[in-house]
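Participant: Quick one, structure for this:
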Amino acid sequence: MTRLFSAVLWYHFAFLIISLALLGIGISSICIYAFPKKFLKESLQKQLTLFSIFFSISIFIMLLVLLNAGREVNISWSHLILVLGITTLPFFFGGICISLALFHLAKQISKLYFYDLIGGSLACILAMPFLNLLGAVTAILAMSLSAIISSFCFHLASGEKLETAQINERVLFKKGTSFILMFFLIFFLGLIIYNIRYQTIDIKFSKGIAEAGAMYKKWNSISRVTVFPYNGNEVFAWGLSPNYKGPFVDRLDMYIDGSAYTPITRFDGDFEKIEFVKHAITSPAYYLKDAPKVLVVGSGGGIDVLTALAFNSRSVTGVEINSTIVDVVKNKFNEFAGNLYDNPRVKIIINDARSYLKKSDETYDIIQSSLVDTWAASSANAYALSENNLYTVEAFVDYLQHLENDGVLTITRWADTPPGASLRIVSLGLAALERLNINYPEKHFVIIREYSLTTVILKKTPFIKREIEKLEEISKNLNFDIVYAPSGPQNGIFAELINSKNPKQFWRTYPFDVSPPTDNKPFFFQTSKIKSFINSFKGPMTNPVSILTRLFLVLSITVILFIFVPLFFSQEKISMARSRLKIKNVLYFACLGAGFMFIEISFLQKFTIFLGLPSLTFSVVLFSLLFFCGAGSFFTNKFKEEGLKFNLRIIVLFLIFLLGLIIIFLPVLFDKFIIYQTPYKIIFTIFFLMPLGFLMGMPLPMGIKLIKMGGQKIIPWAWGVNCAASVLGSVLSVISLMIFGFNITLIAGCSLYFSILFIIPESK
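Facilitator: Purely as a prediction, here's the structure:
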């Protein structure tokens, strides 16, 4: 779902999936609580069968709606609400199945919650191969098939109980249900096989752009890659000089999730035919070096690699996180690209650049990064909108440490007015130089700009006069502007920041947040200040801060209407709320739901830097937490009722202590283990999260057991409140990460668990 949202709509909608899932489950729980006479225990097997069928059908309907949701570039509020409402439906019907089981089989809550979490953890592991093998669309069709299989299991388990039901129900289930289930089983199985072969059910519009005429389409666990022929007659390079008058060079247009762009340039081995790459705003640094050793961060379709080769680089290492992009250039269109990635001077690494550099001892003359970002929501980044571990102070320190003494780092970003991202690159450079104890930072920068792009060249040692003169000459010949150089132009906002004696004061007074992001708060693309969250209702629907703030309000209203209002549907429930539930029972399950999400989403963000691949992080972290949460839930079966409160307090204290240790020692452990191969880092992550997940899996089933002693009717309500708080917690944790960073967000989650000590549920 995250992949589909990112490909059809904008990436910042994708993080909503977890919120919508929890919302649907929460609403389903409250429906059972508000209308208990509609969900009697004797109808349990029938209702599980029916709602599983509804679950399956709603998945299919939701898929069809989403595939047509990308017809407009800027989605309207009415359209968005419709899409979100349809998206919530499958989770509502699936949630009813879970809630019914918890409600009627509460005595087995430890085992039920165990099975629920184990199933979820295994799904996290299976998600990546499913996406790689089937693609997001067909994988979602497979989920419809999975729901039908579940319905078959419930139907078969009902056995002779169906014979004692009312006559109309007996006819439905005994004579009709098996036929219906078999029909849907054959239908979805056939549809999956057909779609694998012909891709008939697929995205037709992405962010308002029709996808007709694509030469190639491929899903994987982190993106959807499409390739189109280019039908124009203009040469493309990042920031091509207006002075270039050479011949036209053909290309293919490659898109990631329909928006992020990288070209595949036609190349036949003749470098004279691609002279245009030397006229790009990304190329000036190459004029300073003879036969350099180059590292390209984010090799994409290969234009930066081609540039490096055109300047006679003796070796070029390209690091690309997306294996499908490499496959497209190296295999699918290798002849068109001139076997670029098989060139003996080129080495392509499929990995995250940070992880690669951490375990590499090599140094380079040039490290280049040109517009390396994507509007595609990776599986982990979806939650945090746009965190990027390539643009943090720690990353820039890594870059500088992997340069030769005379090496240069060249980074190209869009030229905003007033400057935003490009100015933040300068802030990152200043902070990295300070950490490396390099004095006189004003001597280490040259900034060159054309109409739409800005290139920041950062040198490990001070620029010398000859180098500055060379860059001035090149810029003049290519009609670029030098906006900053140590002994040249120093006008404007870039010079003001670089020459500032107090950069922190500059960051405070500048209208945008251009302070240097860190691994603790790696939100490079989020340049809105805190007040923007208050004023964000004025922003466009493509503004992630605006979306985040508005949808938090919408979700808050929805949670109040659909989860808390039903508590007052009848005098019986009002009485129950006053006498048995008490306010601290509400707070217990609310704090538990919100605290879990704060911790979970914090780790998804933090471990992305450690594991490198966002989709891998999603699978490994969620698998670990859910699997060991399930084990913890199963273990609570051993606790007796008379000592439940005492044991619960001990468990929470251990959990808080463990979280405190994690906050203190996690950076040290990451720095020590990040150099190891990925399989070892996965093992480390699983074992690291094992005790945390085990402890986090205990409070919910123990709380359910405590309130069960006071009456089983309130169990769906407690489950619904937990889900409601998780909905809001998932959004609040993202806001907290963006404003305060990982440590504060994790401390907030720890505080929510600490509050549980004072609000242990009451059974009477």
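Participant: Can you tell me the strand partners of the strand ranked longest in the chain and which way each runs?
Facilitator: If you go by DSSP state E, the chain has its longest strand at strand 403-414. Neighbouring strands of strand 403-414 in its sheet, by DSSP bridges, are strand 364-370 (parallel), strand 453-459 (antiparallel).
Participant: Make a markdown table from the ones you listed and add distance to residue 95 to it.
Facilitator: The C-beta positions use only the backbone N, C-alpha and C, and glycine is treated the same way. Shown next, in a markdown table, are the strands paired with strand 403-414 (distance: least, Cβ to Cβ, whole Å):
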| stretch | distance to residue 95 |
| --- | --- |
| strand 364-370 | 43 |
| strand 453-459 | 48 |
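Participant: mind listing what residue 255 touches?
Facilitator: The contact partners of residue 255, by Cβ atoms under 8 Å, 6 or more residues apart in numbering, come to 206, 225-228, 261.
Participant: PyMOL command for the buried members of these?
Facilitator: Filtering the contacts of residue 255 down to the buried ones (16 or more other Cβ atoms under 10 Å) takes a single PyMOL command:
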select buried, resi 206+225+226+227
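Participant: of all the contacts of residue 255, which two lie farthest apart?
Facilitator: 206 and 227 (13.5 Å; Cβ to Cβ).
Participant: about what we covered before: do you know which of the strands paired with strand 403-414 lies nearest residue 443?
Facilitator: strand 453-459 (8.4 Å).
Participant: Give me the residues contacting the longest strand of the chain.
Facilitator: The contact list for strand 403-414, computed with Cβ under 8 Å, 6+ apart, reads 238-239, 281-282, 284-285, 288-289, 293, 363-371, 396, 399-400, 421-422, 425, 429, 452-461.
Participant: how about a cut-off of 7 Å?
Facilitator: 238, 281-282, 285, 288, 363-371, 399-400, 421-422, 425, 452-461 (Cβ atoms under 7 Å, 6 or more residues apart in numbering).
Participant: on contacts alone, who are the packing partners of the helix or strand just after that strand?
Facilitator: Counting by DSSP states H and E, the element after strand 403-414 in chain order, helix or strand, is helix 421-435. Applying 3 or more Cβ pairs under 7 Å, 6 or more residues apart in numbering; DSSP states H and E, one finds that helix 421-435 makes contact with helix 393-401, strand 403-414, strand 453-459, helix 493-498.
Participant: Flag every buried residue along helix 421-435.
Facilitator: Buried-residue list, helix 421-435, by 16+ other Cβ under 10 Å: 421-433.
Participant: after that helix comes which helix or strand?
Facilitator: Counting by DSSP H and E, what follows helix 421-435 is strand 445-449.
Participant: What helices and strands are in contact with that following strand?
Facilitator: Strand 445-449 packs on strand 453-459, helix 465-478, strand 481-484, going by 3+ Cβ pairs under 7 Å, 6+ apart.
Participant: Contacts for the shortest one, please.
Facilitator: Judged by Cβ under 7 Å, 6+ apart, the contacts made with strand 481-484 from elsewhere in the structure are 445-449, 471-472, 475, 488-490, 492, 494-495, 498.
Participant: make it 8 Å
Facilitator: 445-450, 454, 471-472, 475, 488-492, 494-495, 498.
Participant: Weed out the non-buried ones from those.
Facilitator: Buried among those (16+ other Cβ under 10 Å): 445-450, 454, 471-472, 475, 489-490, 494-495, 498.
Participant: got the buried residues for the one helix or strand residue 605 maps to?
Facilitator: Counting by DSSP H and E, the element that carries residue 605 is helix 582-611. Applying a neighbour-count criterion of 16+ other Cβ under 10 Å, one finds 582, 585-611 buried in helix 582-611.
Participant: Can you report how many residues neighbour residue 6?
Facilitator: Other residues near residue 6 number 32, with proximity taken as other Cβ atoms under 10 Å.
Participant: how close does it get to residue 136?
Facilitator: 9 Å (Cβ to Cβ, to the nearest Å).
Participant: repeat for residue 107
Facilitator: Taking Cβ to Cβ, one finds residue 107 at 39 Å from residue 136.
Participant: between those two, who's got more neighbours?
Facilitator: residue 136 (25 against 11).
Participant: thinking again about what came up before, figure out which of the strands paired with strand 403-414 is closest to residue 662.
Facilitator: Closest among the strands paired with strand 403-414, using Cβ to Cβ: strand 364-370, at 31.2 Å.
Participant: Let's see that closest one as CSV, backbone CA atoms only.
Facilitator: C-alpha atoms of strand 364-370 as CSV (Å, rounded to 0.1, in the frame of the first residue of the first chain):
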residue,chain,number,x,y,z
TYR,A,364,38.7,9.6,-3.9
ASP,A,365,39.7,12.7,-5.7
ILE,A,366,36.1,13.7,-6.4
ILE,A,367,32.9,12.7,-4.6
GLN,A,368,29.9,13.8,-6.6
SER,A,369,26.2,13.9,-5.7
SER,A,370,23.8,15.5,-8.2
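Participant: Output the helices and strands packed on helix 421-435 as CSV; include the columns mean pLDDT and distance to residue 438.
Facilitator: Converted to CSV, the helices and strands packed on helix 421-435 look like this (pLDDT from 0 to 100; distance: least, Cβ to Cβ, whole Å):
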stretch, mean pLDDT, distance to residue 438
helix 393-401, 96, 8
strand 403-414, 96, 12
strand 453-459, 97, 10
helix 493-498, 95, 13
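Participant: Could you export those as TSV, including distance to residue 752?
Facilitator: Converted to TSV, the helices and strands packed on helix 421-435 look like this (distance: least, Cβ to Cβ, whole Å):
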stretch	distance to residue 752
helix 393-401	28
strand 403-414	38
strand 453-459	41
helix 493-498	39
